[in-house]
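J.: Have a look at this fold, sequence not included:
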């Protein structure tokens, strides 16, 4: 499955054309206009509930406090968020929070990153990749 967390969700059509074998989930970002896609989406993968959000509505540039407060009772095991364009992994109140960073416009040290999330036998592992090294 490929998950896109917003900003340029129009890229999904290009990605789908190149990789039609995958399932896709996505949410819009603050740079996506005129989309009728919900800002957040809860999906279930291998028994884990995953909340997808771009997170601009939680002002995650400043800090993650509002994101934590607004998602702690969501029922999610994992929250995948974007907006900051910086890779992040952390845990709060039993929820794993992950930001894959950004492939096209990174802000952190100009390193283009993406995240590989694996869920097997109830165990979750997250691995960040430098997009240059794929």
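T.: All right, it came through fine. What you see is a predicted model, and the numbers here were worked out from it, not measured in a lab.
J.: next helix or strand past the helix or strand of the chain with the lowest mean pLDDT?
T.: Here the helix or strand of the chain ranked lowest by mean pLDDT, DSSP states H and E is helix 11-18, holding a mean of 92. Moving toward the C-terminus from helix 11-18, the first helix or strand encountered (DSSP states H and E) is strand 24-26.
J.: Buried residues, the next helix or strand after that following strand. List them.
T.: Next in sequence after strand 24-26, counting helices and strands by DSSP H and E, comes strand 40-45. By neighbour count on 16 or more other Cβ atoms under 10 Å, the buried set for strand 40-45 is 40, 43, 45. Just so you know, the C-beta spots here come from the backbone N, C-alpha and C atoms, and that holds for glycine as well.
J.: Skipping adjacent residues, who's closest to the last one in space?
T.: Just to be clear, that refers to residue 45. Take residue 45 and drop its neighbours on the chain: the residue closest to it by Cβ to Cβ, 6 or more residues apart in numbering is residue 119, 5.9 Å away.
J.: Wait, a helix at that neighbour?
T.: No: counting by DSSP: H, G, I helix; E, B strand; the rest coil, residue 119 is not found in a helix; it is strand.
J.: when you give positions from now on, start the count at 6
T.: Yes, from this point I'll number from 6; that puts the last item at residue 124.
J.: Do I have it right that it meets residue 48?
T.: No: Residue 124 is not in contact with residue 48 according to Cβ atoms under 8 Å; the separation is 11.6 Å.
J.: Overlap of the contact sets of those two?
T.: The contact sets of residue 124 and residue 48 do not overlap (Cβ atoms under 8 Å, 6 or more residues apart in numbering).
J.: shouldn't residue 72 be in contact with residue 102?
T.: Yes: proximity of residue 72 to residue 102 meets the contact threshold set by Cβ under 8 Å, at 7.3 Å.
J.: Can you work out which residues contact both of the two?
T.: Listed as contacting both residue 72 and residue 102 by Cβ under 8 Å, 6+ apart are 84, 86.
J.: Residue 11 and residue 63: what is the separation?
T.: 13 Å (Cβ to Cβ, to the nearest Å).
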